[in-house]
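Asks: Below: sequence and its predicted model.
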Amino acid sequence: MFGWLVWETTESFLWVGVASASILFPSLLITPIFGVISDRINLKFGVIAWLASQALVTLVTLLVFEFVGQSLPLLLLMTFLFGCVAAAGSPLRLTLIPKLVNAAELPNAVGWGAMLFNTSRIVAPAIAAWCLTLFPPQWVFILCTLAFICAGIINAGLPNVQGVVKKSSTSGWQDFIAGIQYCWASPMIRVLFILTLTNSQVARSLMELLPALSGTLTTGTAADLATLTGCAGAGSIVGGWYISRQRGAVSTLINLLAFAMFSTALLLVPMLFSLPVWPMAVLVGGVSLFMTVLGTGSQIVLQLTSDDSKRGRVMSLWLTIALVGPAIGALIMGGIAEWFGFPVMLILMLALSLASALWLKTSASSFNSDTR
C-alpha cells in the first residue's frame with residue numbers, strides 16, 4: 001500500500017526502495033530487542049498490544065491522508081512509524097508458536113504459521129491493490145484498521161502464555177550477546193542466515209519493488225499491480241503449503257532450500273525480455289513460491305535444531321535478517337535499476353541466486369553435526 005502510494009507520487013524506483021527501507025529497516029534494532037522481551041512477558045497480551053498499535057498507526061495515517069494530503073515526506077514518515085510497530089510482532093509470534101504445541105506437532109505448526117505469515121505479506125497487498133481499483137486510498141486504510149482490530153479480538157481467545165522466567169542475574173543485553181555467540185558458533189545457522197540474506201536481496205526485494213516493476217514492464221495501472229501481486233500471493237500459498245507438508249530430515253530440507261534458490265535464478269531469466277502482464281505474473285508467482293519455500297524452510301530448520309533456551313534469540317536474529325534484508329535489498333536494487341537499468345538489476349539477482357545455491361550445496365557437509 002505504502003509502496004504504491006510512493007510510486008504514484010514519484011514514479012521512481014529509488015523512492016519505492018526508500019519506502020521499503022523505511023518500513024523494514026526499524027527491524028534492525030526493534031526485532032532483536034523484542035526477541036529478548038518475548039521471553040519475559042505474557043505473550044497473549046503482547047500480541048494483542050502489538051495488533052492494537054498497528055491499528056492506531058493505520059488510523060493516524062488515514063487522518064493525515066484525509067486532512068493534510070498526500071506528500072512524499074508524510075508518506076515516508078508514516079511508513080517508518082508503521083515499520084517500527086510491525087517490527088515488534090514477529091518475535092512475539094515465533095516465540096508463541098512452540099509454546100502452544102508439543103514437540104511432535106512443532107514442525108507442522110511452524111510450517112503452517114510461517115505459511116500464513118508469508119502468504120499474508122503477499123495476499124494483503126494484492127487485496128489492497130484490488131481495492132485501489134474500486135475505492136480511494138482512504139477506504140483501504142479504513143479496511144486495514146478494521147482488520148487489525150478484528151485480529152486483536154481473535155487473539156484474545158488465546159491461552160495466557162508467559163515467557164520464560166529468567167532465574168539468573170544476567171541482563172537483557174547479556175542474553176542478547178549470548179544469543180549472537182550461539183549463532184556464530186553454529187556453521188549451519190551461519191549458512192542459513194546468509195541464505196536468508198540472499199533471498200532477501202533477490203526474491204523479497206523483487207516483491208517489494210512490484211509497484212515499480214508494474215510501472216516499468218506493464219502499463220502501470222492498479223489492475224496490473226493487482227494481477228502481479230495476486231499471482232505472487234498464489235505462489236506464496238502453494239509454496240507455504242508444500243513446505244508445511246515436508247516430513248523429511250533436516251538434511252533433506254537443506255537440499256530443498258538449495259533447489260529453491262537455483263529455481264529462483266531460472267525464473268529470473270525470462271524477465272529480461274519484454275513479456276505481457278500475464279506471463280510476467282506467472283513468473284512473479286513462481287519466484288514468490290520459491291521465496292516462501294526458502295523463508296519457511298529456513299525457519300523450520302532453525303526451530304528444530306536450536307537449543308530451546310536460546311530459540312527466541314536465534315529466531316529474532318533470523319527475523320532481523322529476513323525483515324531488514326529486503327529493506328536494504330530494495331534500496332540497493334531500486335537504485336541499481338534507477339541508474340543502470342532494470343536488466344542489470346535482474347542479472348545481479350540471478351548471479352546472487354546461483355552463487356548462493358551452489359554455496360549452500362557445497363557447504364552442507366560442514367555442518368552435518370548440527371543436523372543430527
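Replies: Perfect, I can see it now.
Asks: residue boundaries of the helices in the stretch 251-372 of the chain?
Replies: For the stretch 251-372 of the chain, the helices defined by DSSP state H, counting those that start in this stretch cover 277-305, 311-340, 342-363.
Asks: among those, which is nearest Leu210?
Replies: Of all the helices of the stretch 251-372 of the chain, helix 277-305 sits nearest to Leu210, with 7.2 Å by C-beta to C-beta. For glycine as for every other residue, the C-beta is placed from the backbone atoms N, C-alpha and C.
Asks: now the angle between helix 311-340 and that closest one, please.
Replies: Here the directions of helix 277-305 and helix 311-340 differ by 150 degrees (axes from the mean of the first three to the mean of the last three C-alpha atoms, to 10 degrees).
Asks: just to revisit the earlier point, which stretch in the helices of the stretch 251-372 of the chain has the least confidence?
Replies: When the helices of the stretch 251-372 of the chain are ranked by mean pLDDT, helix 311-340 comes last with a mean of 81.
Asks: Now do the contacts for Leu59.
Replies: Going by C-beta atoms under 8 Å, 6 or more residues apart in numbering, Leu59 touches 141, 145.
Asks: Can I get stretch 128-145 as CSV, trimmed to CA atoms?
Replies: Presented in CSV, the C-alpha positions along stretch 128-145 are these (Å, rounded to 0.1, in the frame of the first residue of the first chain):
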residue,chain,number,x,y,z
ALA,A,128,-5.1,-3.6,-1.3
ALA,A,129,-4.2,-3.3,-5.0
TRP,A,130,-7.6,-4.7,-6.0
CYS,A,131,-9.4,-2.3,-3.6
LEU,A,132,-7.5,0.6,-5.1
THR,A,133,-9.1,-0.2,-8.4
LEU,A,134,-12.5,0.3,-6.7
PHE,A,135,-12.1,2.8,-3.9
PRO,A,136,-9.9,5.7,-2.9
PRO,A,137,-6.9,5.1,-0.7
GLN,A,138,-8.7,6.4,2.4
TRP,A,139,-11.1,3.4,2.3
VAL,A,140,-8.1,1.0,2.1
PHE,A,141,-6.7,2.5,5.3
ILE,A,142,-10.1,2.0,7.0
LEU,A,143,-10.1,-1.7,6.0
CYS,A,144,-6.6,-2.1,7.3
THR,A,145,-7.6,-0.6,10.7
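Asks: Show residues contacting that stretch.
Replies: So stretch 128-145 is contacted by 1, 4-5, 55, 58-59, 61-62, 65-66, 70, 222-223, 225-226, 229-230 (C-beta under 8 Å, 6+ apart).
Asks: Which of those residues fall within helices?
Replies: In helices, defined here by DSSP state H, the members of the contacts of stretch 128-145 are 4-5, 55, 58-59, 61-62, 65-66, 222-223, 225-226, 229-230.
Asks: Now a ChimeraX select for only the buried ones of these.
Replies: A single ChimeraX command selects the buried members of the ones in helices among the contacts of stretch 128-145 (16 or more other C-beta atoms under 10 Å):
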select :4,5,55,58,59,61,62,65,222,223,225,226,229,230
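Asks: Flag the least confident of the ones in helices among the contacts of stretch 128-145.
Replies: In terms of pLDDT, Ala222 ranks lowest among the ones in helices among the contacts of stretch 128-145, with 68.
Asks: Tell me the gap between stretch 203-216 and the middle of its chain.
Replies: Its chain's C-alpha centre and that of stretch 203-216 lie 14 Å apart, by C-alpha atoms, centre = their mean, to the nearest Å.
Asks: And the average pLDDT for that stretch is what?
Replies: 77.
Asks: follow-up on the earlier one: with distance to Arg93 and mean neighbour count added, can I get the helices of the stretch 251-372 of the chain in JSON lines?
Replies: Shown next, in JSON lines, are the helices of the stretch 251-372 of the chain (distance: least, C-beta to C-beta, whole Å; neighbours: other C-beta atoms under 10 Å):
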{"stretch": "helix 277-305", "distance to Arg93": "11", "mean neighbour count": "24"}
{"stretch": "helix 311-340", "distance to Arg93": "9", "mean neighbour count": "23"}
{"stretch": "helix 342-363", "distance to Arg93": "26", "mean neighbour count": "18"}
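Asks: is it possible to export those to TSV including distance to Gly113?
Replies: Listed next are the helices of the stretch 251-372 of the chain as TSV, based on distance: least, C-beta to C-beta, whole Å:
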stretch	distance to Gly113
helix 277-305	9
helix 311-340	11
helix 342-363	24
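Asks: Next, please give the residue ranges for the helices of the stretch 1-150 of the chain.
Replies: 2-10, 13-24, 27-37, 43-67, 72-86, 89-100, 106-132, 137-155.
Asks: one step back: tell me which of the helices of the stretch 251-372 of the chain lies nearest to Ala21.
Replies: Comparing the helices of the stretch 251-372 of the chain by C-beta to C-beta, helix 311-340 comes nearest, at 4.1 Å.
Asks: what inclination does that closest one have with respect to helix 89-100?
Replies: Angle between the axes of helix 311-340 and helix 89-100 is 150 degrees (criterion: the same axes, to 10 degrees).
Asks: which residue packs closest to Lys361, ignoring adjacent ones?
Replies: Using C-beta to C-beta, 6 or more residues apart in numbering and skipping residues adjacent in sequence, the residue nearest Lys361 is Ala258, 4.6 Å away.
Asks: Now do the one you found against Ala355, distance only.
Replies: 12 Å (C-beta to C-beta, to the nearest Å).
Asks: now Ser274
Replies: 27 Å.
Asks: Many thanks, I have nothing further to ask.
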